[in-house]
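K.L.:
Turn this into a structure:
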Amino acid sequence: MIIKGHGISSSSNISKFNAYLLENEKNEEIKALQGNEQDIKNMFEDAQNAQHKHACKHFTFSSKEELTREQALKIAQNISKEYGQDPKKAVVINHTKQRNTADSDKNHYHVILPNTDETTGKAYDFSFSHKRNEKLSRLAELENGHNLVKGRHNVAVFHQLLKEGKTTEAESMKHLTTGDLPNSSYTSKSLEKSRKLGVDKPKETQAVKAIWQASDSLKAFKSGLSEHGYELKPGEKPGIYIIEKNGAFVGSANRLISMKKEEFQKKYEDLENVRDIQKNTKSKKSGLEVNNQKKKTAQPQQQKQTQNLGKDLISLNQKTHQNTDKILSILEIPETQEENPLLVILEEIRNNQILILKEIKKLKENSIS
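P.N.:
Alright, predicted model coming up:
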């Protein structure tokens with residue numbers, strides 16, 4: 001059993017709040033077990049006269065096991081007594097609709113307690129309500145023979161029961177004080193925010209769990225989420241990963257699938273590391289293929305340029321040789337004549353021819369290789 005409570009502002013729209021409790025079309029059936037609409041209006045009036053921030057405290061509770069009308073009213077009475085109020089002044093409403101899990105009771109209950117004492121004008125003390133509500137939940141489970149639900153304040157509840165002299169009850173729930181604490185995949189505030197965005201969180205939670213159960217790895221889970229319109233991504237805080245749908249927050253990923261935060265973080269980081277390695281490998285392979293292709297494209301061009309250059313050098317060499325012979329013939333200068341300046345020049349030309357021939361040989365070798 002889970003009992004929750006939150007304050008309703010004295011500046012809230014009374015008509016809308018009453019309509020939510022007594023006319024909500026999302027429910028299959030609504031029953032007022034105690035109190036009425038006028039009682040709630042009186043709570044708002046008393047709070048406004050006393051200039052209090054909250055008009056009333058809105059509690060809800062539900063059980064996986066079915067509750068009778070009498071059992072539900074008894075729990076509402078215990079809530080009133082815990083916060084020092086007359087149980088007869090509480091408004092108790094029973095809503096009936098399909099729960100998140102098919103094997104849970106379709107009924108859930110609303111208990112509205114005044115924030116302001118109509119006689120003194122003072123505000124009631126609702127401090128430490130989370131721990132007090134958990135204590136009420138454990139006591140209700142023990143009293144009705146229901147399975148005990150593990151809460152986040154088990155140790156505090158255990159010691160408070162001992163302090164109140166409820167030793168038997170304390171010992172009965174002592175085993176809940178050890179082990180990991182439970183996590184809720186979403187809060188009541190985030191639930192309401194998502195509803196305004198058109199996201200049914202309980203329904204989406206069950207859908208995400210079903211996708212996880214059908215997945216054999218985080219990679220498959222992420223792919224399955226994407227196929228159904230969800231997005232798994234890092235949250236604002238380090239190590240936190242969230243799931244969204246159409247931009248609306250569904251819940252923390254590890255909580256939705258009941259996995260420890262550290263374990264989910266490791267799986268996610270391992271998945272990202274594999275993706276990075278695959279991406280880098282593919283990038284390197286692609287770069288290598290491009291370079292090889294460039295080389296293949298460049299080689300024929302280089303060979304062609306080398307061949308053309310070789311032809312030009314051969315042609316130049318031949319012309320130079322022919323011109324040298326012509327000069328010697330025209331001038332009728334014996335090649336053996338010493339100290340002739342013209343012969344010295346021609347000798348240099350021939351030496352250059354030899355260098356040119358060597359370069360041609362190198363170009364041919366490079367072209368072949």
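K.L.:
Give the residue spans of the stretch 1-150 of the chain that score low on pLDDT.
P.N.:
100-102 (pLDDT under 70).
K.L.:
I misspoke; the intended subject was the stretch 201-350 of the chain.
P.N.:
Within the stretch 201-350 of the chain, the segments meeting pLDDT under 70 span 274-347, 350.
K.L.:
Check the secondary structure at the residue sitting nearest the centre point of the chain for me.
P.N.:
The chain has Ile242 as the residue nearest its centroid, 2.3 Å off, counting by C-alpha atoms, centre = their mean. Look at Ile242: counting by DSSP: H, G, I helix; E, B strand; the rest coil, its state is strand.
K.L.:
Lys362 too?
P.N.:
Strictly by three-state DSSP, Lys362 counts as helix.
K.L.:
For the nearest residue to Asn78 once chain neighbours are set aside, I want the exact helix or strand it lies within.
P.N.:
The shortest distance from Asn78 to any non-neighbouring residue, by C-beta to C-beta, 6 or more residues apart in numbering, is to Leu136 (5.8 Å). C-beta: built from backbone N, CA, C; applies to glycine. Using DSSP states H and E, Leu136 sits within helix 129-144.
K.L.:
How about Glu348?
P.N.:
Element membership of Glu348, judged by DSSP H and E, is helix 341-368.
K.L.:
what residues are up against the closest residue to the residue nearest to the centre of the chain other than its chain neighbours?
P.N.:
Spatial nearest neighbour of Ile242, excluding adjacent residues (C-beta to C-beta, 6+ apart): Gly235 at 4.4 Å. Applying C-beta atoms under 8 Å, 6 or more residues apart in numbering to Gly235 gives the contacts 241-242, 252.
K.L.:
Likewise for Ser9?
P.N.:
53-55.
K.L.:
cool, and Glu244?
P.N.:
Glu244 makes contact with 230-231, 233, 250, according to C-beta under 8 Å, 6+ apart.
K.L.:
Which stretches in the stretch 101-250 of the chain count as helices?
P.N.:
129-144, 154-163, 167-172, 188-196, 201-213, 218-227 (DSSP state H, counting those that start in this stretch).
K.L.:
Tell me which of those helices is the most buried.
P.N.:
By mean neighbour count, with neighbours taken as mean count of other C-beta atoms under 10 Å, helix 129-144 ranks first of these at a mean of 20.
K.L.:
Specify the angle between it and helix 154-163 in degrees.
P.N.:
Inter-element angle recorded for helix 129-144 and helix 154-163: 70 degrees (by axes from the mean of the first three to the mean of the last three C-alpha atoms, to 10 degrees).
K.L.:
what sits up against helix 129-144?
P.N.:
Under C-beta under 8 Å, 6+ apart, the answer for helix 129-144 is 1-5, 57, 59, 61, 63, 65, 67, 71, 74-75, 78-79, 82-83, 146-149, 151-154, 156-157, 160-161, 166, 169, 172-173, 176.
K.L.:
can we see that at 6 Å?
P.N.:
The contact list for helix 129-144, computed with C-beta atoms under 6 Å, 6 or more residues apart in numbering, reads 1, 3, 5, 71, 75, 78, 82, 148, 151, 153, 156-157, 160, 169, 172-173.
K.L.:
can you give me the offset of it from its chain's centre?
P.N.:
Mean C-alpha position of helix 129-144 versus that of the full chain (C-alpha atoms, centre = their mean, to the nearest Å) differs by 33 Å.
K.L.:
Pairing partners for Val29 in the sheet, please.
P.N.:
Actually, residue 29 is Glu. It isn't Val. Thr96 (DSSP bridges).
K.L.:
pretty sure it is touching Asn94, no?
P.N.:
No: counting by C-beta atoms under 6 Å, Glu29 stays clear of Asn94, with 8.0 Å between them.
K.L.:
Looking at the two, which is more packed in?
P.N.:
Per other C-beta atoms under 10 Å, whichever of Glu29 and Asn94 has more neighbours is Asn94, with 19 against 10.
K.L.:
Helix or strand for that one, just tell me which one.
P.N.:
strand 91-96.
K.L.:
Show me what counts as buried in that strand.
P.N.:
91-95 (16 or more other C-beta atoms under 10 Å).
K.L.:
Taking those, tell me the two that lie furthest apart.
P.N.:
Farthest apart among these by C-beta to C-beta are Val91 and His95. That separation is 13.0 Å.
K.L.:
from the contacts of Ser9, which is closest to Asp180?
P.N.:
Distances from Asp180 to the contacts of Ser9, taken as C-beta to C-beta, are shortest for His54 (33.8 Å).
K.L.:
Output the contacting helices and strands for the strand holding Asn94.
P.N.:
Judged by 3 or more C-beta pairs under 6 Å, 6 or more residues apart in numbering; DSSP states H and E, the packing partners of strand 91-96 are strand 29-34, strand 107-114.
K.L.:
Could you rerun that using 8 Å?
P.N.:
helix 14-22, strand 29-34, helix 69-82, strand 107-114 (3 or more C-beta pairs under 8 Å, 6 or more residues apart in numbering; DSSP states H and E).
K.L.:
Good, we can wrap up now.
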